[in-house]
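> Please work out how this folds:
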Amino acid sequence: MNGYGSHTFGMWNKDGERYWVKFHFKTKQGIEYLTEPKSREVAGQGPDHAQRDLVDSIENGDFPQWAVKVQIMPEADAENYKVNPFDVTKVWNHSDYPLIEIGTLELNRNVENYFAETEQSAFAPSNMVPGIGASPDKMLQARLFAYQGAHRYRIGANYNQVHVNCPHATRAQNYQRSGAMAGVIQPGSEQNLIDQPGVNYNPNSKGGPVEGVEIPEPPLRISGDADRYDRNAGNDDYTQAGDLFRLMSEDQQQQVADNIAGGLSQCSAEVQERMIPHFDQADPKYGSMVRESIAAITGIRKAS
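Numbers count the residues shown, from 1 in each chain. Here you go, the predicted structure:
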């Protein structure tokens, strides 16, 4: 399956010019999927079938790969683009910003210790290399804080010192001195000399870590009023959904309708009548197919 980065990130070059970027991961194995009935059958036979398939493929040297591609938008374009480029519910048209391949993502090693390498792994969008930064994407802004907080709660204050999370180019460097599983001694942190006490502040003259400013992020120009507003006012939430539906084959459209109806059929009639008009606005056929699928599922349940 493909992977799509929902968030917009910033990238800048050596001249300090910023561009907005979206990441895409296109499978090199080809797309395969299970229908809803088939997925229930397979899950009943082996609920870990997808994980087993991945592990076995890597073990056999059939390493899965994804082509890493990006869409690149000049910073100035964001002011007048037809959709909010920082809205995670919107996509950028490929005709406006075509995909550019920049590399390959390959999974070529299975974990040797599941707890050490999987259960303790901690991913946060705030972990960025120089040259990549955040954007005004509101959900991304929240995740910059929330993910690290979750890691500190789940793993501990020194989760970045765990081997699977520690940067390999340079060891984790900060002014944290204590906490659970503190295993790294930073320069100047040992109090083995009376005149060389450990420091946990910056700046200092004890050789502590300093912020790297070799590739500074360019300033972000912000204008407009800060206020509470209705995000739905004037926001088109249906055109792109309808465009995607119309790109599908008849079989794909039916599968989408059936999958939606599977969950929506369990809701009250009132909730269904509030929800289905949204599909109508995306495409009248879309809403009609969902209605018909709900009626079919409801009929089967009554008969049984």
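
> For residue 87, which three-state class applies?
Of the three states, residue 87 takes coil under DSSP: H, G, I helix; E, B strand; the rest coil.

> Could you count how many residues lie near it?
By the measure other Cβ atoms under 10 Å, the count of residues near residue 87 is 16. (Glycine included, C-beta is placed from N, CA and C.)

> That one: what's it in contact with?
If you count contacts by Cβ atoms under 8 Å, 6 or more residues apart in numbering, residue 87 has them with 137, 235.

> any idea how far it is from residue 129?
According to Cβ to Cβ, to the nearest Å, residue 87 and residue 129 sit 25 Å apart.

> same deal with residue 203?
Counting by Cβ to Cβ - residue 203 and residue 129 are separated by 24 Å.

> Likewise for residue 100?
Using Cβ to Cβ, residue 100 is found at 19 Å from residue 129.

> again, but for residue 78
From residue 78 over to residue 129 the distance is 23 Å, taken as Cβ to Cβ.

> the strands in the protein, which residues?
Taking DSSP state E to define them, one finds strands in the chain at 3-4, 9-12, 18-27, 65-74, 100-106, 132-133.

> Including mean neighbour count, could these go into TSV?
Written out in TSV, the entries for those read as follows (neighbours: other Cβ atoms under 10 Å):
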stretch	mean neighbour count
strand 3-4	12
strand 9-12	18
strand 18-27	19
strand 65-74	17
strand 100-106	12
strand 132-133	14
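
> Just give me the neighbour total for residue 145.
Other residues near residue 145 come to 11 when the count uses other Cβ under 10 Å.

> Can you give me every residue that contacts the closest residue to it other than its chain neighbours?
Among residues not flanking residue 145 along the chain, residue 126 sits closest, at 7.7 Å (Cβ to Cβ, 6 or more residues apart in numbering). Residues in contact with residue 126, defined by Cβ under 8 Å, 6+ apart, are 134, 143, 144, 145, 147, 148.

> Make a PyMOL selection of the buried ones in the residues you listed.
Entered in PyMOL, the line below selects the buried ones among the contacts of residue 126, by 16 or more other Cβ atoms under 10 Å:
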select buried, resi 134+143+144+147+148
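
> Tell me which of the contacts of residue 126 fall in helices.
When the contacts of residue 126 are checked against helices using DSSP state H, the ones located there are 143, 144, 145, 147, 148.

> do you know how far residue 219 is from residue 132?
When Cβ to Cβ is applied, the distance between residue 219 and residue 132 equals 16 Å.

> meant to ask about residue 80, not that
24 Å.

> related to what we said a few turns ago, who has more neighbours out of residue 78 and residue 129?
With other Cβ under 10 Å as the criterion, residue 78 and residue 129 differ in neighbour count, and residue 78 comes out ahead with 17 against 8.

> In contact with the residue nearest to the more buried one when sequence neighbours are not counted, which residues are there?
Ranked by Cβ to Cβ, 6+ apart and with sequence neighbours excluded, the top spatial neighbour of residue 78 is residue 85, at 4.9 Å. By Cβ under 8 Å, 6+ apart, the contact set of residue 85 is 8, 20, 73, 77, 78, 92.

> how does it look with 6 Å?
Taking Cβ atoms under 6 Å, 6 or more residues apart in numbering as the definition of contact, the neighbours of residue 85 are 8, 20, 78.

> Now flag whichever of the residues you listed is closest to residue 165.
Top of the list for closeness to residue 165, among these and by Cβ to Cβ, is residue 8 at 25.0 Å.

> For residue 121, which of the strands of the chain is the nearest?
Closest approach to residue 121 among the strands of the chain (Cβ to Cβ): strand 100-106, 16.1 Å.

> Fine, thanks again, bye for now.
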